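> curious how this folds, go ahead:
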Amino acid sequence: MNDVYFSHLIDSAGPDAGGGGWVFQGTVSGYTSGGQVAAPTYAASNIIDKFAFAADGNATDVGDLTQVRFAATGQSSTVSGYTSGGQAPAILNTIDKFPFAADANATDVGDLTVARYRPAGQSSETSGYTSGGVGAAIFDVIDKFPFAADANATDVGDLTAARYWGAGQSSTVSGYTSGGTPPSSNVIEKFSFASDGNSTDVGDLTAVRNGAGGQSSAVSGYTSGGMGPPITNIIDKFAFASDGNATDVGDLTSTRYGSAGQSSTTSGYNSGGATPATTNIIDKFPFATDGNATDVGDITVVRELVAGQQV
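All right, here's what the predicted structure looks like:
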């Protein structure tokens, strides 16, 4: 059994573990996929960037998505990263998959039930989830697709309201969608991984916001940056063990929206985004203690509306 796989089987020891062993956080690398490059072109990108968790540093370009896209969302299994939906400029339903074991391009492995961009992404032990988004309409759809076999997604529930550009978080037992629009929202909602069904409203962020990055520790969800308006640098934290409101626990190094979120076992990461100028910053903030983020590196190309993954 390799170390990467084993790291996902250990008990998280958190109150939300539910006796299981699924650990959403990565131990090796964070990934930033797709996005939209800076002015004046604002062209869509197919780049898959990777940066190490063990040491702070810049990302490297390790592959390409099947097509350029921005405003997609990310999911992570123990062995693969997924990028679902997005815009290029056509609105997409594509689910791309790329391997973690070797640097390589993505392959198209399925479709969402509806084409959409600016959805939120969540990951259970066995499935990826894509919630909300906008396309032909503003959607409340929660889609689920399997990790074990390449296949299309199925509609398994609804958010509490149709919204897009929320941030996604994942505990061992539940998926979360926080914030979003319209109108700009502070709602934290939760849906079960164990059984398909609708989400419920379980708390509020400290302020309304959309376009934020989502991160997850073993015991808490984080929502970083975004805009209400105004554009913010706030890092909010909410507990997985009990439903409740978020608290403001720190700041990113700059205000930003349209960034990607990644999670290691010890830290949350926020990469890319717009400040409002498009940026390449990789910020890192600790899970063990509440505090501000530090700038620890750069993604390879300045871009926003990016998707995040980790292993």
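
> what is the burial count for residue 178?
Neighbours of residue 178 under the rule other Cβ atoms under 10 Å: 30. No exception for glycine: its C-beta is placed from N, CA and C like everyone else's.

> who are the contact partners of it?
The contact partners of residue 178, by Cβ atoms under 8 Å, 6 or more residues apart in numbering, come to 166-169, 187-189, 205, 212, 214, 221, 223, 236, 238, 246.

> who is it paired with across the strands?
residue 167, residue 188 (DSSP bridges).

> please begin residue numbering at 29 from this point
Noted, 29 is the first residue going forward, which turns the last one into residue 206.

> do you know how far it is from residue 312?
For residue 206, the distance to residue 312 (Cβ to Cβ, to the nearest Å) stands at 20 Å.

> CA atoms only: put whichever strand or helix holds residue 109 into PDB for me.
Per DSSP states H and E, residue 109 falls inside strand 108-112. Provided in PDB are the C-alpha atoms of strand 108-112 (Å, rounded to 0.1, in the frame of the first residue of the first chain):
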ATOM      1  CA  SER A 108      -7.200  11.500  -9.200                       C
ATOM      2  CA  GLY A 109      -8.100  15.100  -9.500                       C
ATOM      3  CA  TYR A 110     -11.400  16.200 -11.200                       C
ATOM      4  CA  THR A 111     -12.400  19.400 -12.800                       C
ATOM      5  CA  SER A 112     -16.200  19.700 -13.600                       C
END
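
> show me what the following helix or strand past that strand is packed up against.
Reading on from strand 108-112 to the C-terminus, the next helix or strand found by DSSP H and E is strand 122-127. Secondary-structure packing of strand 122-127 (3 or more Cβ pairs under 8 Å, 6 or more residues apart in numbering; DSSP states H and E): strand 57-61, strand 88-97, strand 108-112, strand 135-139.

> ok so, going back, now do the strand holding residue 109, average pLDDT.
Here strand 108-112 scores 98 as its mean pLDDT.

> which parts of it are buried?
108, 109, 110, 111, 112 (16 or more other Cβ atoms under 10 Å).

> state the distance from residue 179 to residue 172.
Going from residue 179 to residue 172 by Cβ to Cβ gives 10 Å.

> for residue 146, that is, sorry about that
Distance of residue 146 to residue 172, given as Cβ to Cβ: 19 Å.

> those two: which is more packed in?
Per other Cβ under 10 Å, whichever of residue 146 and residue 172 has more neighbours is residue 146, with 26 against 22.

> next, the contact list for that one, please.
Residue 146 makes contact with 99, 160, 161, 162, 192, 193, 239, 333, according to Cβ under 8 Å, 6+ apart.

> so which of those residues is the most crowded?
Neighbour counts for the contacts of residue 146 (other Cβ under 10 Å) peak at residue 161, which has 33 neighbours.

> look at residue 51 and report its pLDDT.
77.

> what's the helix or strand for it?
Per DSSP H and E, there is no helix or strand for residue 51.

> quick one, phi psi at it?
Main-chain torsions, residue 51, degrees, to the nearest 10: phi -120, psi 120.
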